[in-house]
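Need a 3D model of the sequence below.
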Amino acid sequence: MEITPAVVAAEHEWVRERASVVVPLVNDTRDRLGDHFDTAVDPVDTDQYHAAVDEVFADGDRAVNVATLVALLRDLDVPGDYPGFVVDELLGRELAGTIAGTQPRRLLGEATFHFADVTTHGDPGDAAGADDLDAALAAGFQTRLPGWDWTATESPFASSWDGE
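Have a look, this model is predicted:
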């Protein structure tokens, strides 16, 4: 596998075009998480998703990693899916965390990947990594995008040092 700027651009386009699958998964995941945590979470629309995808791919260091993980998951297949499912889970979790951002969102993206993955299933002819790819995109972007009350305000735990 060779990753070039052209490959990153092609994966960027592919991830944008996946909106019709990923946006409903984001919203379903948010609904289910909201039910579990007894909170309302704003839904995401295609424009928000596209803007977040563009933001992720505008960061070249992050973009090359996201593009590589997307390409690996798109192509990953193991006859019978087991024991290959360990690899697609690992790659999916890493992709979700990379998209989500820095801590603590990275950890939330990784955890949310597993939550999204249990209800995300590919078609019989899909590669083994396909459903993990969709779950990872949904988990990473749902974590990155606004809509959670806790992300709308400053943390009450911020501290500053005045030097005295």
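
host element of Ala6?
helix 5-17 (DSSP states H and E).

continuing past that helix, what's the next helix or strand?
helix 19-36.

Could you report the neighbour count for Trp161?
By other C-beta atoms under 10 Å, 5 other residues sit near Trp161. In this view, the C-beta of every residue, glycine as well, is placed from N, C-alpha and C.

pLDDT at it, what is it?
The score at Trp161 is 81. That number is its pLDDT.

Give me the residue at the spatial middle of this protein.
Closest residue to the average C-alpha location of the chain: Gly140 at 2.3 Å, with C-alpha atoms, centre = their mean.

Just confirm that one contacts Gly109, I think it does.
Yes: Gly140 is within contact range of Gly109, at 4.8 Å (criterion: C-beta atoms under 8 Å).

Can you name the residues that contact the residue nearest to the centre of the chain?
Leu95, Ala96, Gly97, Thr98, Ile99, Ala100, Gly109, Phe113 (C-beta atoms under 8 Å, 6 or more residues apart in numbering).

Farthest-apart pair in those, please.
Pairwise distances across those (C-beta to C-beta) peak at 10.8 Å, for the pair Thr98 and Phe113.

that older thread, can you pull the residues that touch both of Gly140 and Gly109?
Taking C-beta under 8 Å, 6+ apart as the criterion, Gly140 and Gly109 both touch Ala96, Gly97, Thr98, Ile99, Ala100.
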